[in-house]
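K.L.:
please work out how this folds:
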Amino acid sequence: MSGIKEEMIELIKKNKISTTEVADCMGKTGLFENSHAVNRGHFAVGTVRWVYAYDNSNYTVHEQIRDTQPGDIVLIEAFNCGDRSTIGELVTKFIVLYKEAAAVITNGNLRDGNDLIKQNYPVWCKGLSPIGCFNKKPERELDEGIRKAHYEMYDGSIAVCDDSGVVIIPKELHTREFIQKLNQIEEQEDIWFTYLDRYKWDTFDIVCLKKYLKSEEEKR
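P.N.:
Below you'll find the model as predicted:
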């Protein structure tokens, strides 16, 4: 892990910088679609380990998760799997407990919902379904263009996960400049809530007119 990436992850983790704030730093972008918290109250951030299921099979998921590292966020993308669940409790437990991943996120469904909830696993998914993928090796390989494009897009990126969903920070934003943006968004939030809670300003003055900027100058 690069020094800057490690610093960014620690900053987000220490300050629990929300997905909303991270997305704002990226111009209100970065959503990993169709990935919602199964269990409330979890916060996770880490390096993405990208794996994939396709053609109604999770054979490749079982094969690829063996390389998961502690602290990783395992992102499972599903291609041509319809509404079939990619994994259930067994694989989730292996990833989270035994491989020590920070979370599991997927744009597909998960099964064994009752056990995922009972064990309070840090998982984000499209929804829950008892109908899962098969563990038989697909008859064909995933299209190489798709595999390469999505690997480059996600593997090694940073995922931030909370009750609002999942946001991905792409590798090209693992920079000092983006760390500064994260610090600035935290400072802005502190100022906004100060003027709301302490001074009882309305949100139009705070957010739209930004009258606090003039007020802050007057204090100097």
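
K.L.:
the longest strand in the chain is where?
P.N.:
Longest strand of the chain, by residue count under DSSP state E: strand 44-54.

K.L.:
which stretches of this protein form strands?
P.N.:
Assigned strands in the chain, in chain order: 36-37, 44-54, 73-79, 85-87, 103-106, 109-110, 123-125, 127-128, 158-162, 165-169 (criterion: DSSP E).

K.L.:
can you add mean pLDDT, distance to I206 and mean neighbour count and give those strands back as TSV?
P.N.:
C-beta: built from backbone N, CA, C; applies to glycine. Shown next, in TSV, are these (pLDDT from 0 to 100; distance: least, C-beta to C-beta, whole Å; neighbours: other C-beta atoms under 10 Å):
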stretch	mean pLDDT	distance to I206	mean neighbour count
strand 36-37	98	29	18
strand 44-54	98	28	23
strand 73-79	97	34	24
strand 85-87	98	43	27
strand 103-106	98	33	27
strand 109-110	98	40	26
strand 123-125	98	31	27
strand 127-128	98	37	14
strand 158-162	98	23	26
strand 165-169	98	24	24
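
K.L.:
re the thing from before, distance from the chain centre to the longest strand of the chain, please.
P.N.:
Centre-to-centre, strand 44-54 and its host chain are 9 Å apart (C-alpha atoms, centre = their mean, to the nearest Å).

K.L.:
quick one, it and strand 158-162 angle?
P.N.:
Counting by axes from the mean of the first three to the mean of the last three C-alpha atoms, to 10 degrees, strand 44-54 lies at 100 degrees to strand 158-162.
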